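Colleague: my questions concern the predicted model and sequence given below.
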Amino acid sequence: MKTFSIGGVHPCDSKISAGAAIENFPIPEVAYISMSQHLGAPAEPVVAAGDKVKTGQLIAKANGFISAPVHSSVSGTVKSIEMVKDLAGNLCKAVIIDVEGDEWMEGIDRSEDIVREIKLDQKEIIARIAECGIVGLGGATFPTNVKLSPPPGKKAEFLIINGAECEPYLTSDYRVMIEMPEQVLIGAAIMMKALGVTKGFVGIEENKPEAIRVLSGYSEKYPDIQIVPLKKKYPQGGEKQLIDAVVGRQVPSMGLPIDTGAVVQNVGTALAVYEAVQKNKPLFEGILTVTGECCPQQRNFKHRVGTPISKIIEAVGGVPEEAVKVISGGPMMGKAMCNIDAPTLKGSSSVLFLTEKQTKRKEEGNCIRCAKCVSVCPMGLEPYLLNKLGRAGRMDDLEANRVYDCIECGCCSFTCPAYIPLLDMIRLAKGQVMRIMRSRPKN
Ligand code: SF4
Ligand code: SF4
C-alpha cells in the first residue's frame, strides 16, 4: 500500500469519535465572528453597530490578496465591533451579533438536493469561491481561490484531495466522507474544472475503510477521480508527504506543491467549494470533533462560525474533571487553548481533552545520539543537530541545515528516547531564521 518515502511515525490513532454522526449544534444567542479566520490580513468589516444582518450576509470584505471575506453565520443585530480574545488569548477584531431567529440570505439553496451539473466556467468558479470566503480547512486556512490560481509559469496537472486525517482523534473529515461523499467528489470536480485538469485523487488512510468503500462506490460516476488507499502513517496529511504518497513526486526544498504539478485541498474544503458553487452558500459553518478518552461524550458538531467554544464544551457536560489540557486540533500539531470562551472559526477542527498522564512531559535527558529523530523526520532533516544549533543561536548554520523546511510535525519529539523537546526549540529557531531570510533585500 502507498505511503510517503521518508520518515514518519505511528501514534495510536485514537479515533474514538469515528462513530459519532454529524449533528447540528444549536445556534448561539450571541455570535462573535472573528475577522482573522484566514492566513493573511484580517478582513475589513462592512457593517456597523445597529445593522440588521441575515445568515450568509457579507459582514467583512477581504483586505488584500491573501485574505478572505467573512459572512454572518447568524441573523440578528450587530451589537458591536470590538477586540475579543482568540484561543491563544491574543486580541483580534470581531463582529458581535445578537441573534434573532435564523433568516438566511435569498439565493442560498438550503435543500438537501445534490446539484451535479457544474454550470459555472473556470473564471466564474474561482470568483464564486473567493466571494464565498472559502479557505483551506486542513489547517492552513489559505484562501482557496488563490490556491486554485497557480502563479504565471506554473501549471497544475492534477488535484489531490486530502482525506488522510492522520492526526489522532480527529474524525470530522471521516464523517464528511461517509455522510456527504458525492458532495465531496463534486467539490473535487469543480476544483479540477477551475484548475483545467482532468485527473483527481482522494488519498485516504487505511484506518478509514468505510470512507474508502463509500467513495470508491462512485468510481463509475466520477471516473476522473481515483480513490487512493494509503498506509497509516503520520504526517501523511502534510501536503508534501501526501503528494509523495499518492503520485510519488517530491516537492523540492523551499518549493511549492505546484512545482510537482499538484494542488492539494482538504475534504472539508471540497465540501465548502461544492456548497459555494452549487448552492451559493458562503463558508459560515464548520464541522468540529469533540473528543478525548476522559470526555464522556464523543461528538461531531456542525457549528455556526462564531459560537463560543465554552458553549460546545457545556453541551458535553463541561470540561471533564481529569482533563488538564484542552487542545484545538490534534495532539501532534494542535494548540492548547488558553481561552475557551474564544469563538469557533472557519478552520476549527476539534476540541480535544487530554489528561495529566497524556500530557505530562518526562524529564529531559541527554542526547544519546541514537539518530531516531533523524530516521523519523519526514523532511530529511537532522533534528538533534537543529536543536543543538538553535540552543547555541547559530542562525547561519541553522539555515545551512534547512531549518526552514521543518513542517513542525513533531515526529522528532514524539520518538526521542531522551524526551528532548526538539520541536519546541526547532520551531523557535525556524521562526528566527525565517525572519532573517525575509528581511534580506530581494534581487
Ligand atoms: S532521538 Fe533524541 S536522543 Fe536520539 S539522536 Fe535524536 S535527539 Fe538524540
Ligand atoms: S518537527 Fe521538523 S524536524 Fe521534527 S520531525 Fe517534523 S519536520 Fe523534522
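Modeller: That came through fine. Ligands and ions are numbered 1, 2, ... in the order given.
Colleague: quick check: buried residues in the longest helix anywhere in the chain?
Modeller: Longest helix in the chain by number of residues, with DSSP state H as the criterion: helix 422-439. Within helix 422-439, the residues that count as buried by 16 or more other CB atoms under 10 Å are 422, 423, 425, 426, 429, 430, 433. C-beta coordinates here come from the backbone N, C-alpha and C atoms, glycine included.
Colleague: cool, and stretch 175-185?
Modeller: Of the residues in stretch 175-185, those buried by neighbour count under the rule 16+ other CB under 10 Å are 175, 176, 177, 178, 180, 181, 182, 183, 184, 185.
Colleague: now, which of the residues you listed lie close to ligand 2?
Modeller: Intersecting the buried residues of stretch 175-185 with the surroundings of ligand 2, defined as CB under 6 Å from any ligand atom, gives nothing.
Colleague: now those residues in CSV, with pLDDT and secondary structure?
Modeller: Converted to CSV, the buried residues of stretch 175-185 look like this (pLDDT from 0 to 100; DSSP: H, G, I helix; E, B strand; the rest coil):
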residue, pLDDT, secondary structure
175, 98, helix
176, 98, helix
177, 98, helix
178, 98, helix
180, 98, coil
181, 98, helix
182, 98, helix
183, 98, helix
184, 98, helix
185, 98, helix
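Colleague: a helix runs through residue 326, doesn't it?
Modeller: No. Residue assignment for residue 326, taken from DSSP: H, G, I helix; E, B strand; the rest coil, gives strand, which places it outside any helix.
Colleague: shouldn't residue 378 be in contact with residue 406?
Modeller: No. Residue 378 is not in contact with residue 406 according to CB atoms under 8 Å; the separation is 9.9 Å.
Colleague: so which strand or helix has residue 93?
Modeller: Mapping residue 93 onto the secondary structure by DSSP states H and E places it in strand 91-99.
Colleague: determine the set of other helices and strands touching that strand.
Modeller: Strand 91-99 is packed against strand 30-34, strand 76-85, with contacts defined by 3 or more CB pairs under 8 Å, 6 or more residues apart in numbering; DSSP states H and E.
Colleague: so does stretch 428-439 get close to ligand 2?
Modeller: No. If you take CB under 6 Å from any ligand atom as the test, stretch 428-439 misses ligand 2, and the best it gets is 8.0 Å.
Colleague: and the contacts of that stretch?
Modeller: For stretch 428-439, the surrounding residues in contact (CB atoms under 8 Å, 6 or more residues apart in numbering) are 386, 389, 390, 395, 398, 399, 403, 404, 406, 408.
Colleague: so which of these sit within strands?
Modeller: Of the positions in the contacts of stretch 428-439, not one sits in strands, assigned by DSSP state E.
Colleague: and those residues, which two are the farthest apart?
Modeller: Based on CB to CB, the longest span within those runs between 395 and 408 and measures 18.2 Å.
Colleague: who has more neighbours, the two?
Modeller: It is residue 395, of residue 395 and residue 408, that has more neighbours when counted by other CB atoms under 10 Å, with 17 against 13.
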